[in-house]
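1. next input, structure requested:
(chains A and B)
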Amino acid sequence: MDRIEIRLSGSGGQGLILAGIILAEAAILDGKNSVQTQSYGPEARGGASRAEVIISNGNIDYPKVTEPDIFLALTKEAVAKYLGDVKKGGKLIIDDSIELNDFILEDLKLYQIPIIKTAREKVGNEIAANIVALGAITGITEIVSQESIIKAVLDRVPAETIELNNKALHEGFKLIK
Amino acid sequence: MKNEARLMQGNEACVKGALDVGMRFFAGYPITPSTEIAELCAEKLPLVNGKFIQMEDEIGSMAAVIGASLTGKKAMTATSGPGFSLKQENIGFASFTEIPCVIVNVQRGGPSTGLPTSPSQGDVMQAKWGTHCDHPIIALSPSSVEETYYTTIKAFNLSEQYRTPVILLMDEVVGHMREKVILPNIEDLEIIDRKKPDPKNHKPYYPYDDSVDDSVPPLAAYGEGYRFHVSGLTHDKTGFPTTNPDIAEKLMNRLIGKIENNKDKILDYSTEYLNDADVVIFSYGSTARSAQRAVRLAREEGIKAGWVKTVVLWPFPEKLIDEICAKSKTIIVPEMNMGQLVLEVERIVAGRAKVERINKANGQLITPNEILDKIREVK
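-> Sure thing, here's the model as predicted:
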């Protein structure tokens, strides 16, 4: 069945739900179906947070992710909490600030890249790490087209941050190893 | 012309459907996971000359909705389990006084304050029996964002057509999920407005006139020239209280009958692979999507499984259960509660088939694999 499951995880406040919404919108721009869900606690900031997206050419029945094909993590706590059920052969996109020695990563394809560092140093604002991550996911997995993700990002973010987010996205594209 | 596909949240689809069908008043007291409904109503209603008010609590907001509806407006409130409990007294008032309105309950884990950010289907029985004594009620439960849009429209249409409160039972997953939708043009929608008395007809107006053909008397709007009484006490055709047992009996029969006798027009369900199914999953709300996946997977394994999703929970689709019993051996009822609608299934089945339960009230969706395991076990 063509059904790609993506889990975006990190800490509450890092903008991962927004990243999930944008990814789902890019998939629609590509003419596909998509569903975005999230899991969060009562707290507004902090704590492990995750957004999930399912992209398919066909009908999406069960709306939640069960075995992610693609897993993004921006914090160690998120890796610890959400790595467990990633599909065999799945792609892990993990921020390079995270120490991974404690985790078993057998049968998974690991891309450890400087997402947060790129946002902070090249884009100039750590808050754009979610958009850098979207660029990296698009570059590595081609799950959505570059054209659609650019349009989806620029349609969603506040007007005064378009330049920053555009740069963040393009820096993300470049993070392919 | 077809509209463009877009990503939309379930709570947003509810508000969009309500606005498209003509909702012009919202009163509420925001509560997770329904808050986006209040937020969007506050933003959108003033743009269409509508009114939004945040009341002091859920009791007040239900009362405000009833008052607004009596002035002729299509009115809605939205809440979750704890607030739904508080609204019950006034829901009973609206049901008995036959005031159209829509009450959205985006269900979350409970009881009490429970699991505010997690889904449940724990209010199925509260929707039917939460307010005291026998009373007519309609409850609908959507399973997707697009279905939320259409079901909200249906909720208003049924409330206007039958002069009754309609409860829209969503859940946290359906409310917060974002999904691709293609919305219709408003001119293509069927929109039902309540019957009003004809001002050219100079007969006296009775708001509870039981001589009308369809058991649903016309409802005048306050402020349009008709003066009439509305009372939660048992009333005669004028709306004034009475203790006359004959009138009380006739009123109760008409109220229950206006829903029961129109069941076939109200019911709304979908089925898949039902014809040769040995095992049928009877489902509703977001659980219906897990059930649909499970049935598709079971079919791939050669198991004759079938799927039912009912959007209308109350009135209950009794005939559909009869039809399933005639062909199938087992009915599985998955619910995010400790077993509620299954009681109704068991009552109708009455031993003609085996009824199996899958219950989960820990704030997590029932997964397709949990249902598939049960299908394999009972096949």
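
2. am I right that B:M76 is in a strand?
-> Yes. If the criterion is DSSP: H, G, I helix; E, B strand; the rest coil, then B:M76 is within a strand.

3. which residues are in contact with the nearest residue to it once chain neighbours are set aside?
-> Nearest residue to B:M76 in three dimensions, chain neighbours excluded: B:V102, at 4.4 Å (C-beta to C-beta, 6 or more residues apart in numbering or on different chains). No exception for glycine: its C-beta is placed from N, CA and C like everyone else's. Contact analysis of B:V102 by C-beta atoms under 8 Å, 6 or more residues apart in numbering or on different chains lists B:18, B:23, B:74-77, B:152, B:155-156, B:159, B:165-168.

4. the same query, at a cut-off of 7 Å, please.
-> Residues near B:V102 by C-beta atoms under 7 Å, 6 or more residues apart in numbering or on different chains: B:76, B:155-156, B:159, B:166, B:168.

5. parallel or antiparallel, which strands does the helix or strand harbouring it pair with?
-> If you go by DSSP states H and E, B:V102 is part of strand B:101-109. The pairing partners recorded for strand B:101-109 under DSSP bridges are strand B:74-79 (parallel), strand B:115-119 (antiparallel), strand B:165-171 (parallel).

6. for A:I93, which of the ones you listed is the nearest?
-> strand B:115-119 (26.1 Å; C-beta to C-beta).

7. who touches the closest one?
-> Residues from elsewhere that reach strand B:115-119 (C-beta under 7 Å, 6+ apart): A:40-42, B:32-33, B:107-109, B:171-173, B:286, B:336, B:363, B:365.

8. got the CA coordinates for that strand in CSV?
-> The C-alpha trace of strand B:115-119 is given here as CSV (Å, rounded to 0.1, in the frame of the first residue of the first chain):
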residue,chain,number,x,y,z
LEU,B,115,-7.4,13.3,30.0
PRO,B,116,-8.0,16.8,28.5
THR,B,117,-5.8,16.3,25.4
SER,B,118,-6.7,12.7,24.6
PRO,B,119,-9.7,11.2,22.7
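
9. wondering if stretch B:263-283 reaches chain A at all.
-> No. Applying C-beta under 7 Å from any C-beta of the partner chain, one finds stretch B:263-283 separated from chain A by no less than 10.2 Å.

10. mean confidence for that stretch?
-> Averaging pLDDT along stretch B:263-283 gives 97.

11. same thing with stretch A:165-177?
-> On average, stretch A:165-177 scores 93.

12. which positions within that stretch qualify as buried?
-> A:165-173, A:175 (16 or more other C-beta atoms under 10 Å in any protein chain shown).

13. could those residues go into CSV alongside secondary structure and distance to A:L18?
-> Putting the buried residues of stretch A:165-177 into CSV (DSSP: H, G, I helix; E, B strand; the rest coil; distance: C-beta to C-beta, whole Å) gives the following:
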residue, secondary structure, distance to A:L18
A:N165, helix, 10
A:N166, helix, 15
A:K167, helix, 17
A:A168, helix, 12
A:L169, helix, 13
A:H170, helix, 18
A:E171, helix, 18
A:G172, helix, 14
A:F173, helix, 19
A:L175, coil, 19
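
14. hang on, the earlier thing: out of the contacts of B:V102, which is most surrounded?
-> Using other C-beta atoms under 10 Å in any protein chain shown as the neighbour test, these are led by B:M76, with 31 neighbours.

15. can you name the residues bridging to that one?
-> Here B:M76, judged by DSSP bridges, has bridge partners B:F26, B:V102.

16. can you pull the pLDDT of it?
-> Listed pLDDT for B:M76 reads 98.

17. all helices of chain A, in order?
-> A:16-29, A:76-82, A:115-117, A:129-141, A:146-156, A:162-173 (DSSP state H).

18. and B:L7, which of those is closest to it?
-> Short answer: helix A:16-29, nearest of those by C-beta to C-beta, at 4.8 Å.

19. name the surrounding residues that touch the closest one.
-> A:6, A:8-10, A:34, A:36, A:38, A:49-53, A:55, A:130, A:133-134, A:144, A:148-149, A:151-153, A:156, B:5-7, B:178, B:180.

20. past the helix-or-strand element of chain B with minimal mean pLDDT, which element shows up next along the chain?
-> Ranking every helix and strand in chain B by mean pLDDT, DSSP states H and E puts strand B:115-119 at the bottom, with a mean of 94. Past strand B:115-119, further along toward the C-terminus, the next helix or strand under DSSP H and E is helix B:124-129.

21. what's the neighbour count on the closest residue to chain A within the stretch 51-200 of chain B?
-> In the stretch 51-200 of chain B, the residue found nearest to chain A is B:R178; the distance is 4.2 Å by C-beta to the nearest C-beta. Here the count is done by other C-beta under 10 Å, and B:R178 has 27 residues near it.

22. please name the residues that touch it.
-> For B:R178, the contacting residues are A:21, A:24, A:36, B:7-9, by C-beta under 7 Å, 6+ apart.

23. and those as TSV, adding neighbour count?
-> What follows is those, written out as TSV (neighbours: other C-beta atoms under 10 Å in any protein chain shown):
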residue	neighbour count
A:I21	21
A:A24	27
A:Q36	28
B:L7	24
B:M8	20
B:Q9	23
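
24. coming back round to it: most surrounded residue in the contacts of strand B:115-119?
-> Ranking the contacts of strand B:115-119 using other C-beta under 10 Å puts B:Q107 first, with 33 neighbours.

25. how about stretch A:106-117: buried residues?
-> Buried residues in stretch A:106-117, counted by 16+ other C-beta under 10 Å: A:108, A:111, A:113-116.

26. can I get that stretch in CSV? Just the C-alpha atoms.
-> In CSV, the C-alpha atoms belonging to stretch A:106-117 read as follows (Å, rounded to 0.1, in the frame of the first residue of the first chain):
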residue,chain,number,x,y,z
GLU,A,106,20.0,-1.5,13.7
ASP,A,107,18.3,-1.8,10.3
LEU,A,108,17.7,2.0,10.2
LYS,A,109,19.2,4.5,7.8
LEU,A,110,20.7,7.3,9.9
TYR,A,111,21.2,10.9,8.8
GLN,A,112,22.7,12.9,11.7
ILE,A,113,22.8,16.5,10.5
PRO,A,114,23.3,19.9,12.1
ILE,A,115,19.7,21.2,12.0
ILE,A,116,19.6,23.4,15.1
LYS,A,117,23.2,24.6,14.5
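
27. which other residues reach it?
-> So stretch A:106-117 is contacted by A:74, A:86, A:88-97, A:126, A:129, A:132-133, A:136, A:140, A:175, A:177 (C-beta under 7 Å, 6+ apart).

28. check stretch B:138-147 too.
-> B:8-10, B:13, B:127-128, B:148, B:151, B:154-155, B:158, B:164, B:166-170, B:174, B:177, B:179, B:181, B:259, B:266, B:284-286, B:288-289, B:309, B:311-314.

29. mind listing which of the residues you listed are in helices?
-> Those of those lying in helices (DSSP H): B:10, B:13, B:127-128, B:148, B:151, B:154-155, B:158, B:174, B:259, B:266, B:288-289.

30. related to what we said a few turns ago, return the member of the buried residues of stretch A:165-177 nearest to B:T97.
-> Checking those one by one against B:T97 (C-beta to C-beta), the nearest turns out to be A:N165, at 53.5 Å.

31. who touches that closest one in this structure?
-> By C-beta under 7 Å, 6+ apart, the contact set of A:N165 is A:128, A:131, A:153, A:157.

32. ok, and of these, which contact chain B?
-> Answer for the contacts of A:N165 near chain B: none qualify (C-beta under 7 Å from any C-beta).

33. I am finished for the moment; much appreciated.
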